[in-house]
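*Asks:* all I have is the shape, not the residue letters:
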DNA sequence: AACCATAATTGAAAATTTTTCTAAATATAC
DNA sequence: GTATATTTAGAAAAATTTTCAATTATGGTT
């Protein structure tokens, strides 16, 4: 499959606003509506586009308390890794989880309503997962930048 | 503005897939197409929905090298903070930037193609920003979980 | 340079979806 | 219980997506 500069621009536009009509996109890309349509279908089929989502305003739904949690497993063995990753993925307060190099094994991005909700999450859900050795929480004072659009 | 359980469900569905038709949503919510339409417009106007975007597959576009960078400013004074935040926001490798509590001042989520691109970013762009005291990079070995959908 | 095969693009028509509109139903306040 | 506002529904209109056949461009071969 060929992936040219027009596809690149198209992906950039769709990452900014996926509700644009093909007509609007066709103007920006100097193409016909059908050409835009075919390119989008091609990008979807080829797996360049994972999906289309609505982004909600965290403030509006009282989920504006962000915490990054470092987690170290008691022992970094296959069994514990698989088990921990399966369990942590289930927690809907955890939007992101990364296996990291460095002092700690994992970094979690947790979103809750406030500190008391975080305490609940920590005590009842996170530390309920087995094989966790230690945790270290960093509280977000301000979200300076947040985008889902990846530049090429 | 009233925000009921149906609105909540609607936002959940739209966070999973914003390309669903109002007809599909009306079936899931046991409403008419118009009722769904009006609710979506209401949620958009009230600011619950920030926007609609396409999510691209990082692997496909060779931007699959994720690094979290801790940054400490030389001095945490108003002038340095404003200047740093303005400059770091401009960098398109930085998808997210958080002002944190704790040992370090900021946490950056950086996405590049590989280690050599990260070196370029570090030397030419990030450390070119003034007022940075020290940095500490953590490399992502594996993205265990990543979602944009916030649960209620 | 002419030719062929393949892929991309176009414009028009068809199908679907969104949006508007009016009226009925439901809820809310007095 | 009545009045007022809000929500919902169904039908019609407007806009958009999707399909299709024809045209144009592209790359490789002779």
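*Replies:* Arrived safely. From a predicted model like this one, the values you see are computed outputs, not experimental measurements.
*Asks:* hey, let's count contacts and neighbours off CA atoms from now on
*Replies:* Will do.
*Asks:* run through the residues that contact residue A:114.
*Replies:* A:63, A:64, A:65 (C-alpha atoms under 8 Å, 6 or more residues apart in numbering or on different chains).
*Asks:* so of those residues, which ones are in strands?
*Replies:* If you go by DSSP state E, the contacts of residue A:114 have residue A:65 in strands.
*Asks:* just the buried subset of the contacts of residue A:114, please.
*Replies:* Buried residues within the contacts of residue A:114, counting neighbours by 16 or more other C-alpha atoms under 10 Å in any protein chain shown: A:63, A:64, A:65.
*Asks:* just the pLDDT at the closest residue in space to the second one that isn't next to it in sequence, thanks.
*Replies:* Using C-alpha to C-alpha, 6 or more residues apart in numbering or on different chains and skipping residues adjacent in sequence, the residue nearest residue A:64 is residue A:58, 5.2 Å away. The predicted structure scores residue A:58 at 96 on the pLDDT scale.
*Asks:* neighbours of residue A:58, how many?
*Replies:* Using other C-alpha atoms under 10 Å in any protein chain shown, residue A:58 has 18 neighbouring residues.
*Asks:* now residue A:145
*Replies:* Other residues lying near residue A:145 total 18 when counted by other C-alpha under 10 Å.
*Asks:* what is it paired to in the beta sheet?
*Replies:* The partner list for residue A:145 in beta bridges (DSSP bridges) reads residue B:97.
*Asks:* residue A:26 in helix, strand or coil?
*Replies:* helix (DSSP: H, G, I helix; E, B strand; the rest coil).
*Asks:* ok, it - contacts?
*Replies:* Residues counted as contacts of residue A:26 (C-alpha under 8 Å, 6+ apart) are A:32, A:33, A:35, A:36.
*Asks:* turn these into CSV, including neighbour count, pLDDT and distance to residue B:104.
*Replies:* Rendered in CSV, the data for the contacts of residue A:26 read as follows (neighbours: other C-alpha atoms under 10 Å in any protein chain shown; pLDDT from 0 to 100; distance: C-alpha to C-alpha, whole Å):
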residue, neighbour count, pLDDT, distance to residue B:104
A:32, 13, 93, 50
A:33, 16, 95, 49
A:35, 14, 95, 49
A:36, 23, 96, 45
